[in-house]
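1. I would like to see how this sequence folds:
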Amino acid sequence: MTLNRFAVLGRVGMDLMADPPGTSIEEARAFTTAIGGSAGNIAVALARQGAEAALISCISDDAVGRFCAADLARYGVDTTQLRPVSGEARNSLALTETRATGCQTVLYRNGAADFALAPEDIDRIDFTPFAALVITGTALARDPSRSATFAAIARARASGALTVLDVDWRAYSWPSRQEAAATCLMAAQACHITIGNDDEWGLMAGSDAEGPTLAHHLATQGALFTIYKRGPLGSTTHTADHSFDTPIFPVTALKPTGAGDGFMGGLLAALAQGAPLETAVQRGAATAAIIVSGVGCAPASPDRATLDAFLLRHQG
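-> Presented below is the predicted three-dimensional model:
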């Protein structure tokens, strides 16, 4: 982790947020733009907290794709591994609201450009300089992106990089729940670190009741650690010989989205800075709290000074 450089594989898109905050999509007469998509948000969170982050994905060869590349670069994310694709492929577009309750999101994701990522794209990447490869599970939903993702895991491990899976299960992207369960479990078994929520661990385990058992089992069977996220109840982290709980930071949320992406970015950035695991998980939880209490995901993502100040106010 001391290399402090991360490759993040998965989707990036454009968010259009109803403005001003609190406005419904139906009533909005203005929208503000921001980066969207789990991998894009994770890359921004890492860059905001002092890590080098490169996004591996495909973007549409149009104005929306160029917006995504330009906004990532503005946050300091390396975009050299973004491949533009022509034809009918499109970056995802999400219309969303900044509302704590009843928050609506309308997602346009037909012909998603990120699913065009191919094994040939991975063959060109040298993973040696990276501390870790972060996989977002939606990239596993279909080929050629699925094959590219497993190729990236294999190449990263062979290069000595850690592999991290954010299960990121979005049912609408998959042909079936059964296919998602089998594929995500295979990826989790191939990665050093797996992070998921209760639904995602339940998916891979075959039932919600068995999700916690699977999270603990993987940590005793070769994973460095696993994290079972439990929403408002916080999270449970498992290593081979130790487990601990981490609560959330209570805040006044402006929206329910972006917490998981921020959690991943804050966690990995802290580990790269030499923090012990329990401290790193806490910083991930604090990053998540800051993001849900701000407007947008990437725009609300804190830098290290903001995160440190938040922790000073909320700890103890």
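2. CA atoms for contacts and neighbours, from now on please.
-> Will do.
3. Convert the C-alpha atoms of the longest strand along the chain to CSV, please.
-> Assignment by DSSP state E gives strand 52-60 as the longest strand of the chain. Taking Å, rounded to 0.1, in the frame of the first residue of the first chain, the C-alpha atoms of strand 52-60 are listed here in CSV:
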residue,chain,number,x,y,z
GLU,A,52,-2.6,8.6,-7.2
ALA,A,53,-5.6,7.0,-9.0
ALA,A,54,-6.0,5.8,-12.6
LEU,A,55,-9.3,4.8,-14.0
ILE,A,56,-9.5,1.8,-16.3
SER,A,57,-12.7,1.9,-18.4
CYS,A,58,-14.3,2.7,-21.8
ILE,A,59,-16.1,5.9,-22.5
SER,A,60,-18.3,7.0,-25.3
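4. C-terminal to it, what's the next element?
-> helix 63-74 (DSSP states H and E).
5. Who are the packing partners of that following helix?
-> For helix 63-74, the packing partners by 3 or more C-alpha pairs under 8 Å, 6 or more residues apart in numbering; DSSP states H and E come out as strand 13-19, strand 30-36, strand 52-60.
6. tell me the mean pLDDT over the first one?
-> Yep, that's strand 13-19 we're talking about. In this model, strand 13-19 has a mean pLDDT of 95.
7. related to what we said a few turns ago, please convert the helices and strands packed on helix 63-74 to JSON lines, extending it with mean neighbour count.
-> Compiled in JSON lines, the helices and strands packed on helix 63-74 are given as follows (neighbours: other C-alpha atoms under 10 Å):
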{"stretch": "strand 13-19", "mean neighbour count": "24"}
{"stretch": "strand 30-36", "mean neighbour count": "19"}
{"stretch": "strand 52-60", "mean neighbour count": "27"}
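8. Show me where the stretch 51-200 of the chain has its helices.
-> Remark: helices assigned in the stretch 51-200 of the chain by DSSP state H, counting those that start in this stretch are 63-74, 119-123, 145-158, 177-190, 198-205.
9. Just say which of these is most tucked in.
-> helix 198-205 (a mean of 22; mean count of other C-alpha atoms under 10 Å).
10. for that one, packing partners?
-> helix 177-190, helix 211-220, strand 225-229.
11. how about those in TSV, adding mean pLDDT?
-> Below are the helices and strands packed on helix 198-205 laid out as TSV (pLDDT from 0 to 100):
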stretch	mean pLDDT
helix 177-190	98
helix 211-220	96
strand 225-229	98
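12. Run through the stretch 201-316 of the chain and note the low-pLDDT ranges.
-> 316 (pLDDT under 70).
13. all strands of it, in order?
-> 225-229, 235-238, 243-246 (DSSP state E, counting those that start in this stretch).
14. possible to save these as a markdown table with distance to residue 293?
-> Listed next are the strands of the stretch 201-316 of the chain as a markdown table, based on distance: least, C-alpha to C-alpha, whole Å:
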| stretch | distance to residue 293 |
| --- | --- |
| strand 225-229 | 19 |
| strand 235-238 | 19 |
| strand 243-246 | 19 |
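15. what's the most buried one of those?
-> strand 225-229 (a mean of 25).
16. Parallel or antiparallel, which strands does that strand pair with?
-> Strand 225-229 sits in its sheet next to strand 193-197 (parallel), strand 235-238 (antiparallel), going by DSSP bridges.
17. neighbouring contacts of the shortest one?
-> For strand 235-238, contacts defined as C-alpha atoms under 8 Å, 6 or more residues apart in numbering pick out 215-216, 219, 225-230, 243-248.
18. From residue 98, how far out is the residue lying closest to residue 167 once chain neighbours are set aside?
-> The shortest distance from residue 167 to any non-neighbouring residue, by C-alpha to C-alpha, 6 or more residues apart in numbering, is to residue 137 (4.6 Å). Per C-alpha to C-alpha, to the nearest Å, residue 137 is found 25 Å from residue 98.
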